[in-house]
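J.: sequence first, then the predicted structure, then my questions.
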Amino acid sequence: QQQVKQSPQSLIVQKGGISIINCAYENTAFDYFPWYQQFPGKGPALLIAIRPDVSEKKEGRFTISFNKSAKQFSLHIMDSQPGDSATYFCAASNDYKLSFGAGTTVTVRA
Amino acid sequence: DAGVTQSPTHLIKTRGQQVTLRCSPKSGHDTVSWYQQALGQGPQFIFQYYEEEERQRGNFPDRFSGHQFPNYSSELNVNALLLGDSALYLCASSLARGLNQPQHFGDGTRLSIL
């Protein structure tokens, strides 16, 4: 069964808008939460990551919000650009292995 | 600084055959993990190798096996191929030292089973 649930499956946003992707998990042993970006024909590329002792982390236009009590975390892409059009995966890790969500395909319209 | 490299990029096999996929980790990395990504889904963890031994394994049958060499490169072997083994196989490398070191992925091998 999938240990990390991701939504929405896809979203369309206008250039300059905000994209929001949500993930939820059940396993409280998870202690590392990365986000990956994947373009067609390429492998996933690490975008940003957070540990559960931090509630928010920002790197450029990308922000992770983390709610430990709710066991949820989300990715916000600010000022979305056409080059951000890709599939985004949340993941959670404990004891070395990554458990991925099913992915969100983001399309940024110019 | 070379990233994770995988070969071949594409492979076509028939049911029942065996396949070997190869991975060279990012420079300085000593740990290699393998993932299977079916079309339209997130990657699924197969196993991880460190110090030439399998450190952890996901929910995959024994038909999936691996190896790590002294130079940290790795192979994934799949025997008795099934149609359901068609997928993108991804290799990720990381550092063993310290918990939850970032995993860096290669571009994968696209395996098609006819």
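T.: Right, received. Where do you want to start? Numbering: from 1, shown residues only, chains lettered A, B, ... in the order given.
J.: check which element follows the longest strand that chain A contains along the chain.
T.: If you go by DSSP state E, chain A has its longest strand at strand A:86-94. Following strand A:86-94 in sequence order, the next helix or strand is strand A:97-100 (DSSP states H and E).
J.: pairing partners for that following strand, with directions?
T.: In the sheet, strand A:97-100 lines up against strand A:86-94 (antiparallel) (DSSP bridges).
J.: find the nearest non-adjacent residue to residue 29, please.
T.: Looking at chain A here, since you left the chain open. A:N94 (4.5 Å; C-beta to C-beta, 6 or more residues apart in numbering or on different chains). C-beta coordinates here come from the backbone N, C-alpha and C atoms, glycine included.
J.: wait, I meant chain B there
T.: Closest to B:H29 by C-beta to C-beta, 6+ apart is B:S93, at 3.9 Å.
J.: is it true that the one you found lies in a helix?
T.: No. Per DSSP: H, G, I helix; E, B strand; the rest coil, B:S93 lies outside any helix segment and is strand.
J.: so what's the residue count around it?
T.: 27 (other C-beta atoms under 10 Å in any protein chain shown).
J.: same check, this time on the one 3 residues further on
T.: Using other C-beta under 10 Å, B:A96 is surrounded by 14 other residues.
J.: SS state for it?
T.: coil.
J.: that one touches B:S33, doesn't it?
T.: No. Here B:A96 lies out of contact with B:S33, judged by C-beta atoms under 8 Å, at a distance of 11.2 Å.
J.: which neighbours do the two share?
T.: When contacts are counted by C-beta atoms under 8 Å, 6 or more residues apart in numbering or on different chains, B:A96 and B:S33 have no shared neighbour.
J.: does the lowest-mean-pLDDT helix or strand in chain B reach chain A?
T.: Ranked by mean pLDDT, DSSP states H and E, the weakest helix or strand in chain B is strand B:53-57, scoring a mean of 92. Yes. Part of strand B:53-57 sits near chain A under the criterion C-beta under 8 Å from any C-beta of the partner chain, namely B:55-56.
J.: that concludes my questions; thank you for your assistance.
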